[in-house]
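Colleague: here is the input, now give the coordinates:
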Amino acid sequence: MMFPIGKRNATDDPTEMVSACHERIRNFLTLADRLVSDEPATDDDVRGTAAAVARYFREALPQHERDEDDSIAPRVRGMMRMVDQALDDMHAQHLVMHPLVESLVAICDRIAAAAEAHVARAVERDDLARVLADLHPRMASHLAAEETFVFPAIEHLPFAERAALVGEMRARRVPIP
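Modeller: Numbers count the residues shown, from 1 in each chain. The predicted model follows:
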């Protein structure tokens with residue numbers, strides 16, 4: 001693969017788990033940026049990187065979004081008006097980012113499926129750059145709001161709620177046989 005992806009962290013702290021997700025989101029956006037670059041790479045590296053980016057945003061990002069919408073938001077909503085506003089904004093941002101993420105995945109899938117990935121990378125470069133130019137600031141704003149307003153709210157949850165949150169997040173990531 002063109003670039004290292006990183007490793008998963010095992011923790012019982014929900015804020016650390018979500019923070020690790022944010023780090024992976026940023027890392028995979030950086031990988032996508034590298035696909036846009038003129039950096040030399042073999043077809044196998046380009047294909048592998050494109051496949052990894054597509055897989056992450058197709059499979060893992062929706063799990064993170066469910067963490068936010070289904071597990072975190074119901075527990076922290078009502079704590080403070082700023083938290084509620086951040087949650088409302090974040091939900092709206094999800095709706096705006098969905099088509100951008102779908103475009104990112106589709107482009108990366110085409111690159112990954114190409115016999116000559118370096119040619120597909122060149123053909124897709126402008127479209128990928130446009131998607132990333134729109135997605136980057138939206139994702140950065142979204143992650144910053146979550147880290148600024150929602151993370152502190154999670155820290156104020158009772159131990160039992162934090163443990164339940166961790167359990168729900170882990171359950172979303174158990175492979176289905």
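Colleague: OK, contacts around the residue nearest to residue 76 when sequence neighbours are not counted?
Modeller: Leaving aside its sequence neighbours, residue 76 sits nearest to residue 153 (CB to CB, 6 or more residues apart in numbering; 3.9 Å). Quick note: C-beta positions are derived from backbone N, CA and C, even for glycine. Contact analysis of residue 153 by CB atoms under 8 Å, 6 or more residues apart in numbering lists 76, 79, 80, 83.
Colleague: could you turn the buried ones of these into a PyMOL selection?
Modeller: The following PyMOL line selects those of the contacts of residue 153 that are buried, judged by 16 or more other CB atoms under 10 Å:
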select buried, resi 76+79+83
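Colleague: filter the contacts of residue 153 down to the ones in strands?
Modeller: Among these, no residue falls in strands (DSSP state E).
Colleague: of the contacts of residue 153, which pair is most distant in space?
Modeller: 76 and 80 (8.7 Å; CB to CB).
Colleague: how far away is the residue most central in space within the chain from residue 138?
Modeller: Residue closest to the mean C-alpha point of the chain, counted by CA atoms, centre = their mean, is residue 25 at 3.6 Å. According to CB to CB, to the nearest Å, residue 25 stands 12 Å off from residue 138.
Colleague: and for residue 15?
Modeller: When residue 15 is compared with residue 138 (using CB to CB), they lie 22 Å apart.
Colleague: so which of these two has more stuff around it?
Modeller: Ranked by neighbour count (other CB atoms under 10 Å), residue 15 and residue 138 place residue 15 first, with 19 against 15.
Colleague: and that one, its phi and psi?
Modeller: Phi and psi for residue 15, reported as degrees, to the nearest 10, are phi -70, psi -40.
Colleague: what's the mean pLDDT across the strand or helix carrying residue 26?
Modeller: According to DSSP states H and E, residue 26 maps onto helix 14-36. Per-residue pLDDT values over helix 14-36 give a mean of 96.
Colleague: helices and strands around that helix, which ones?
Modeller: The contact analysis (3 or more CB pairs under 8 Å, 6 or more residues apart in numbering; DSSP states H and E) places helix 14-36 against helix 43-55, helix 61-66, helix 81-113, helix 117-145, helix 151-155, helix 159-172.
Colleague: what distance separates it from the centre of its chain?
Modeller: From the chain centre to the centre of helix 14-36 is a distance of 6 Å (CA atoms, centre = their mean, to the nearest Å).
Colleague: the inter-axis angle of that helix versus helix 43-55?
Modeller: With axes from the mean of the first three to the mean of the last three CA atoms, to 10 degrees as the basis, helix 14-36 and helix 43-55 are set at 140 degrees to each other.
Colleague: measure how helix 14-36 sits relative to helix 117-145, angle-wise.
Modeller: Going by the same axes, to 10 degrees, helix 14-36 makes 150 degrees with helix 117-145.
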